[in-house]
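*Asks:* Output the structure for:
(chains A and B)
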2 protein chains.
Amino acid sequence: MTLPYGIFSTAGSSPRVGVQLGNQILDLDMVGRLAFFDDLEIDLAVFTKPVLNDFMELGKTACQAVRKRLIELLNDPEKPLDGFGDFVFIDAASATLHLPIRIGDYTDFYASEEHASNVGRMFRPQAEPLLPNWKHLPVAYHGRASSIVVSGTPIKRPNGQFLGPDQQPVFGPSRALDFELELGIVIGKPSKLGEPVLVDEAESHIFGLVLFNDWSARDIQRWEYQPLGPFLGKNFVSSISPWVVPLEALDRFRIDGPKQEPTPLPYLQSTGKKHFDIELEVVLKTPGNPQEIVISRTNTCHLYWNAAQMIAHHTVNGCNLNVGDLLATGTISGSSPDSYGSLLELSWNGNRPLTLPNGETRTFLHNGDTVIFRGWAGDDEVSFGEVIGKINA
Amino acid sequence: MTLPYGIFSTAGSSPRVGVQLGNQILDLDMVGRLAFFDDLEIDLAVFTKPVLNDFMELGKTACQAVRKRLIELLNDPEKPLDGFGDFVFIDAASATLHLPIRIGDYTDFYASEEHASNVGRMFRPQAEPLLPNWKHLPVAYHGRASSIVVSGTPIKRPNGQFLGPDQQPVFGPSRALDFELELGIVIGKPSKLGEPVLVDEAESHIFGLVLFNDWSARDIQRWEYQPLGPFLGKNFVSSISPWVVPLEALDRFRIDGPKQEPTPLPYLQSTGKKHFDIELEVVLKTPGNPQEIVISRTNTCHLYWNAAQMIAHHTVNGCNLNVGDLLATGTISGSSPDSYGSLLELSWNGNRPLTLPNGETRTFLHNGDTVIFRGWAGDDEVSFGEVIGKINA
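*Replies:* Below you'll find the model as predicted:
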C-alpha cells in the first residue's frame, strides 16, 4: 500500500491531513479522534493542520508508527474503521486537495546524466556534453519556493525578456514554454547550521517523495542565465503532486544506481541500494487532441546521483536543512528519444517537432495544452498519482 | 532619526519588537501596553512576536503611523516616555539581538557594474567585462534562506570540493573565504502569483533595508558554478544586521542613479529618484591586528539597477513575493581599488595581497579574522549600525 499523505478539505471543513486510498481519503484527524492513535502518544493536533510540516516534525519514529497502525487497521479482517463509514472515509471526488507542505527552501539538482548530456549536446555542440564538474558532484542551484503550487493550479504563460530574431532583447509572452519531469524530495528532519549530514544517514532526513513539474521558459532562461544560473525562466511556477509518498513505501523498489566513475570523493560514497525503480510518464492533451497522448516514458533508475548523495553534498559545507524543504532531482531523461523528460529534449531544441495523432505538431507548449506526469512502482503497487497543469494565456 | 526596527530580548524575557535609539532600545511592546498606540487601531500583539513579519503584515500605512507616533513622542518637549524610564528604554548592552525576519525566499542580485566588470576582467580576461545581458536586465539568482543569521553569529569556515593544484577535485576547508558587501531589501508587502509589480509601484513592497554579508568560498564556487550558478560556495551562511532601517528614513537621501544606456525595456523604466546615497565601509580585524582597519569605502550610488527595478524584474514573469522575502543587491563596488566590496576584487583574485599595518598580508580571510560592515547616510543622520562576523575553524 502506498498510503501517501496529503492535505484535503471538504465543503465547510478546514484543510487537514489525510491518506489516499484509491478514490477515498482516510481522514487522519477523525481516525485520531476515534482513539485509534491513542497508544502512539503523539500530539493529535498535527492532523488538524493545513500542512504536513507539524506531522513531519514529530519525527520518523512517530510517522512510521502512524503508517504501521494504518496498515494494521486496513488489513485487519474485522475492518475496525469500516463502521465509521464516511466519517473517516471521504469520497475523494468531493474533496479539494491543497499544497501539502509549507515549503522552506527549494533546491533543484541536475542529476540525470542523459538530461545534462542532451543539454550539453544542444548548447555546446563543439565540446564534451558534460562539464568537467558533473561526475564529481551533484550540480544544483537554488529555486523559488513561493511559486510552488499544487497539481491542478492553472499555469499562466510567463512574460519576460528574451532575444528576438535580430538578437536584440524583446519583451513578451514566452515562446518556449516547457515542462521538466522531476521527482521532489520532501525533507522531514532538520539539520543544524555547520553540521554536515553523512551520506549514509541522509535518508533519515527524507519524509517522502512527490512528482514535480519544474515549468521552464527556455527563451527567457537562455538570455538571462549567464553567469549566475536560471532565474525568471524557472521561478514563475512549479507544480507538485498533492500526495507525498513516504520513503518507507518504496523499500521494495530500491535498486543499485549506475556505476559512478570516477569514484566520487569519500563524502559522496553511499553504500547499499539508494536508487529507486520508479516508472514515470508524461502525458500531453491539447485542445485539438483531447485524448491522452503519452509523449515520454522513463524511470528514476536513470538518475546518476541518488537522494542521499544530494543531501550529503547540500550540507557538506554546513548549510542547514529545515523540515519542509524541497529538493528536486532535475529533469529525468532516459537514453532513448522517447524517454526524455522535457520538450527541449523531445523536440531537440525545437528542431524536431513532435507530431501528434491528429497531425498537430509541438516544439514547446501552446495555450490550452495540459501536461500530466504520472509515477508508480511495481505494477501500481505504489502510486504517486499525478501532477497536472493546463497552460493559460 | 533612523528608528530602525529589530527583535531583542533581555534576561528572562521573550524576544519582541524594539526600535534602536543610540545605546538604548525602545520596547514597542511596552509602549503599546502604555496605550501610546491606542488610537492607531493596530493589533498590539505584533510587538510581542519574535520576528517583524507580523508587524510588516499590518501594511505600510500602519507601519508609517507607528513611526510617526514614535517621532512625535521622542520630539515632544514634555518627554512623555521618559517617566517610564527603563520600563520602555532598555539598555542595549543588556539585550540580545535576534534575526529580525522570518525570511521566506532570498534572492541575490548582481547590480553593481564595477563588481560585475571586475569579475569579468578576472575570469574572462579576453572578453568584454560585462556579459551581453547585463545592461538589459538586473541579473540575479536564488540564494539560501535557511542559513541567513544575525550579526555576531560566528562564521564557520566551510568544507567543500574544489580543484587542487593538479586540477583534480579535492575536499577540505575552503582556502578562499571571502565577504561580499551588500545591502538587503526586506519585502513588507506581498504580491500575487501571476501578477507583476509595476516598477513605479515597487517601492511600496519594501519595508526597509539591512546590511548584508554574503560570505563566499571562492574556490568552491569556481569549481561548482557551471552551468547553474553558485550553490555551496554561498549557502553555508550569510549575515544581516539586526536593525532594519525603514525606507521612510532614507527619503532625504534619494538620488538619481547612473544613466542607463542602452535604455532598458519599458517594464524596467523607473521615474524619480530611486537610488540612495548610503555610505558603506568594510573593517577588518585580525588576531595580529586587533585594531580596526578600514579596507574599503564605497556607496550605494554605485549600483546600476535600483531596488524598484529589481522588484519589477523579479515579478514580471508572475513570480510572487511574500512578506519577509529578502532581496540583496549583490556586491557593491566603486571604481577605485579601495572601494571594492570583496576580497576577490581587493586582492585581485589573490594576486595583489592586502598589506595590513603590522605587515601581515591577506588575500582571503584567515581563521580569527573579524569582518565588520557599517553603513550610514548624511553624517550619521541615518545609521545602519553594523553587521559583524568572526571566522572560526
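*Asks:* Hmm, residue A:58 and residue A:323 touching each other?
*Replies:* No. In this structure, residue A:323 is not within contact of residue A:58 by CB atoms under 8 Å, at 10.0 Å. Just so you know, the C-beta spots here come from the backbone N, C-alpha and C atoms, and that holds for glycine as well.
*Asks:* Can you name the residues bridging to residue A:388?
*Replies:* residue A:372 (DSSP bridges).
*Asks:* how far away is it from residue B:269?
*Replies:* Here the criterion is CB to CB, to the nearest Å. By it, residue A:388 lies 38 Å from residue B:269.
*Asks:* What's the local residue count around residue A:124?
*Replies:* Using other CB atoms under 10 Å in any protein chain shown, residue A:124 has 13 neighbouring residues.
*Asks:* dump the residue contacts of it.
*Replies:* Residues near residue A:124 by CB atoms under 8 Å, 6 or more residues apart in numbering or on different chains: none.
*Asks:* ok, now residue A:111?
*Replies:* Residue A:111 makes contacts with A:138, A:303, A:304, A:305, A:310, A:329, A:330, as judged by CB under 8 Å, 6+ apart.
*Asks:* 10 Å instead?
*Replies:* Residue A:111 makes contact with A:134, A:138-140, A:182-183, A:300, A:302-307, A:309-310, A:327-332, according to CB atoms under 10 Å, 6 or more residues apart in numbering or on different chains.
*Asks:* And the pLDDT for residue A:290?
*Replies:* With respect to pLDDT, residue A:290 has a value of 89.
*Asks:* near chain B, which residues of the stretch 1-150 of chain A show up?
*Replies:* Counting by CB under 10 Å from any CB of the partner chain, the stretch 1-150 of chain A comes close to chain B at A:103-110, A:116, A:119-120, A:123-124, A:131-149.
*Asks:* Buried subset of those residues, written for ChimeraX?
*Replies:* This is how ChimeraX selects the buried members of those, with burial counted by 16 or more other CB atoms under 10 Å in any protein chain shown:
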select /A:103,104,105,106,107,108,109,110,116,119,120,131,133,134,135,136,137,138,139,140,141,142,143,144,145,146,147,148,149
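*Asks:* So residue A:289 sits against residue A:357, correct?
*Replies:* Yes. Assessed by CB atoms under 10 Å, residue A:289 is found in contact with residue A:357 at 6.2 Å.
*Asks:* Can you check the pLDDT for residue A:393?
*Replies:* So residue A:393 comes in at 85 (pLDDT).
*Asks:* tell me the contacts of the spatially closest residue to it that is not a sequence neighbour?
*Replies:* Using CB to CB, 6 or more residues apart in numbering or on different chains and skipping residues adjacent in sequence, the residue nearest residue A:393 is residue A:367, 4.9 Å away. By CB under 10 Å, 6+ apart, the contact list for residue A:367 reads A:155, A:156, A:157, A:173, A:177, A:287, A:390, A:391, A:392, A:393.
*Asks:* who wins for most neighbours among those?
*Replies:* Using other CB under 10 Å as the neighbour test, the contacts of residue A:367 are led by residue A:155, with 26 neighbours.
*Asks:* What values do phi and psi take at that one?
*Replies:* Backbone torsions for residue A:155, taken as degrees, to the nearest 10, come to phi -100, psi 110.
*Asks:* how near is the residue nearest to residue A:317 when sequence neighbours are not counted to residue B:365?
*Replies:* Excluding its sequence neighbours, the residue lying closest to residue A:317 (CB to CB, 6+ apart) is residue B:158, at 3.7 Å. Computed with CB to CB, the distance linking residue B:158 and residue B:365 is 12 Å.
*Asks:* Backbone dihedrals for residue A:84, both of them.
*Replies:* Dihedral angles of residue A:84 (phi, psi; degrees, to the nearest 10) stand at phi -90, psi 0.
*Asks:* confidence score at it?
*Replies:* Looking at residue A:84, its pLDDT is 96.
*Asks:* how deep is it tucked in, by neighbour count?
*Replies:* Neighbours around residue A:84, by other CB under 10 Å: 14.
*Asks:* So the closest residue to chain B within the stretch 201-350 of chain A, which state does it fall into?
*Replies:* Here the stretch 201-350 of chain A gets closest to chain B at one residue, residue A:229, 2.4 Å apart by CB to the nearest CB. Three-state assignment for residue A:229 (DSSP: H, G, I helix; E, B strand; the rest coil): coil.
*Asks:* surely it meets residue B:110?
*Replies:* No. Counting by CB under 10 Å, residue A:229 does not reach residue B:110; the two are 11.0 Å apart.
*Asks:* a markdown table for the contacts of residue A:367, including secondary structure?
*Replies:* Output for the contacts of residue A:367, formatted as a markdown table (three-state DSSP):
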| residue | secondary structure |
| --- | --- |
| A:155 | strand |
| A:156 | strand |
| A:157 | coil |
| A:173 | strand |
| A:177 | strand |
| A:287 | coil |
| A:390 | strand |
| A:391 | strand |
| A:392 | strand |
| A:393 | coil |
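*Asks:* Lowest pLDDT pick from those?
*Replies:* Minimum pLDDT across the contacts of residue A:367 falls on residue A:393, with 85.
*Asks:* tell me the contacts of that one?
*Replies:* With CB under 10 Å, 6+ apart, residue A:393 has these contacts: A:156, A:157, A:173, A:367, A:368.
*Asks:* Out of the residues you listed, flag the one nearest to residue B:44.
*Replies:* Ranked by distance to residue B:44 (CB to CB), these are led by residue A:156 at 39.1 Å.
*Asks:* secondary structure element for residue A:67?
*Replies:* helix A:60-75 (DSSP states H and E).
*Asks:* swap that for residue A:312, please
*Replies:* Secondary structure assignment for residue A:312, by DSSP H and E: helix A:307-315.
*Asks:* Let me see the mean pLDDT of that helix.
*Replies:* The average of the pLDDT scores along helix A:307-315 is 98.
*Asks:* So which other helices or strands are in contact with the helix or strand following it?
*Replies:* Downstream of helix A:307-315, the first helix or strand assigned by DSSP H and E is strand A:326-328. Judged by 3 or more CB pairs under 10 Å, 6 or more residues apart in numbering or on different chains; DSSP states H and E, strand A:326-328 is in contact with strand A:106-109, strand A:140-143, strand A:181-187, strand A:206-213, strand A:238-240, helix A:307-315.
*Asks:* Indicate whether the last one makes contact with chain B.
*Replies:* Yes. Using CB under 10 Å from any CB, we find that helix A:307-315 touches chain B at A:313, A:314, A:315.
*Asks:* ok, the second one - contacts?
*Replies:* When the contact criterion is CB under 10 Å, 6+ apart, the partners of residue A:314 are A:105, A:107, A:109, A:138, A:140, A:187, A:191, A:196-197, A:202, A:205, A:320-321, A:325, A:327, B:144, B:231-232, B:235.
*Asks:* so what's the residue of the stretch 201-350 of chain A closest to chain B closest to, chain neighbours aside?
*Replies:* With CB to CB, 6+ apart as the criterion, residue A:229 has its nearest non-adjacent residue at 2.4 Å, and that residue is residue B:229.
*Asks:* so the one you found makes contact with residue A:225?
*Replies:* Yes. When contacts are counted by CB under 10 Å, residue B:229 is listed as touching residue A:225 (7.7 Å).
*Asks:* what touches both of those two?
*Replies:* With CB under 10 Å, 6+ apart, residue B:229 and residue A:225 have common neighbours A:141, A:231, B:141.
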